[in-house]
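Sequence first, then the predicted structure, then my questions.
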Amino acid sequence: MFPFGLTHVLAEELFPVISFHSDETFEADSEGGASIFYPNPMVVDDLDESFGANCLPASGDFFPLGTTTVYCLATDSEGNSASSTSFNIIVVDTKAPTLILNGDSSIDITGGDTYTELGATAADIVDGEITARISITGSVDTLKAGSYTLIYDVSDLSGNSSQTTRIVNVSDAFAPVIELIGDNPQIITRKQAYVELGATATDDVDGEISMDEIEKKRFS
Ligand SMILES: [Ca+2]
Ligand SMILES: [Ca+2]
């Protein structure tokens, strides 16, 4: 016969103990999260061989994006239960979405023609179709020749972003505008000498064109 105090101590030692399981972080690999496989924490017991604890959500279950607490229980063959333990499974999304332009990344249009924005499409492993989240900055002035850059930007719900650009080249299809200096028509009296007052010319791309160039074109 053991004294009462000693049997009490022995009885306490019969309870199994679930070993510590640290938090684990995984990359999401499908829409909304990932199926996660983790090693069940081992249970140490005085009589039973060590065995894996019962945990929920179980290894292999689908874990949503974010932090999920897994609770573990264990009971030995004598029916003694371990104190429950827990650890966190953290599912993160660190991958940027794909962003694909509709149409070419470089487009040439004739000045004065209409530029039609074809947009782009975006998809993310975790967030799925996110085309609606694309923003486009920049604009095309089809009435002014030049090279315009449009920037397409999209972020997934975890803040990972992708960017791409499109260049739109508007060709110079606009003739310079000539403005005559002085009245038109000019009224001169008989025998009065005609004095050429000249003209000015401006072009949307070249700006002001000098009289010399106008003269050259007149006689070329
Ligand atoms: Ca035991
Ligand atoms: Ca992502």
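Everything's here; your move. Ligands and ions are numbered 1, 2, ... in the order given.

Going by C-alpha atoms from here, please, whenever you check contacts or count neighbours.
Fine.

just the helices in this structure please.
Counting by DSSP state H, the chain has helices at residues 4-13, 211-219.

Near ligand 1, which residues of the protein? Just list them.
Taking C-alpha under 5 Å from the ion as the contact definition, the chain meets ligand 1 at 14-15, 45.

Make CSV from those residues and add neighbour count to it.
Compiled in CSV, these are given as follows (neighbours: other C-alpha atoms under 10 Å):
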residue, neighbour count
14, 18
15, 21
45, 20
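
Out of those, which comes closest to ligand 2?
Nearest to ligand 2 among the residues of the chain next to ligand 1, counting by C-alpha to the ion, is residue 45 at 43.2 Å.

where's the nearest residue to that closest one once chain neighbours are set aside relative to residue 76, distance?
Distances taken as C-alpha to C-alpha, 6 or more residues apart in numbering place residue 16 nearest to residue 45, at 4.4 Å, with adjacent residues excluded. Using C-alpha to C-alpha, to the nearest Å, residue 16 is found at 6 Å from residue 76.

ditto for residue 202
94 Å.

same deal with residue 34?
In terms of C-alpha to C-alpha, residue 34 sits 32 Å off from residue 76.

Find the closest residue to ligand 2 in this structure.
Of all residues in the chain, the one sitting closest to ligand 2 is residue 95 (4.2 Å; C-alpha to the ion).

which residues touch that residue?
125, 160 (C-alpha atoms under 8 Å, 6 or more residues apart in numbering).

can you pull the contacts of residue 100?
120-122, 164.

Select from those residues the one having the most neighbours.
residue 122 (21 neighbours; other C-alpha atoms under 10 Å).

just checking, that one touches residue 153?
No: counting by C-alpha atoms under 8 Å, residue 122 does not reach residue 153; the two are 9.5 Å apart.

Phi first, then psi, for the residue in the chain sticking out farthest from the centre.
Centroid-distance maximum for the chain: residue 191 at 77.4 Å, with C-alpha atoms, centre = their mean. With angles defined as degrees, to the nearest 10, residue 191 sits at phi 70, psi -10.

Give the intersection of the neighbour lists for residue 16 and residue 76.
Contacts common to residue 16 and residue 76, judged by C-alpha under 8 Å, 6+ apart, are residue 45.
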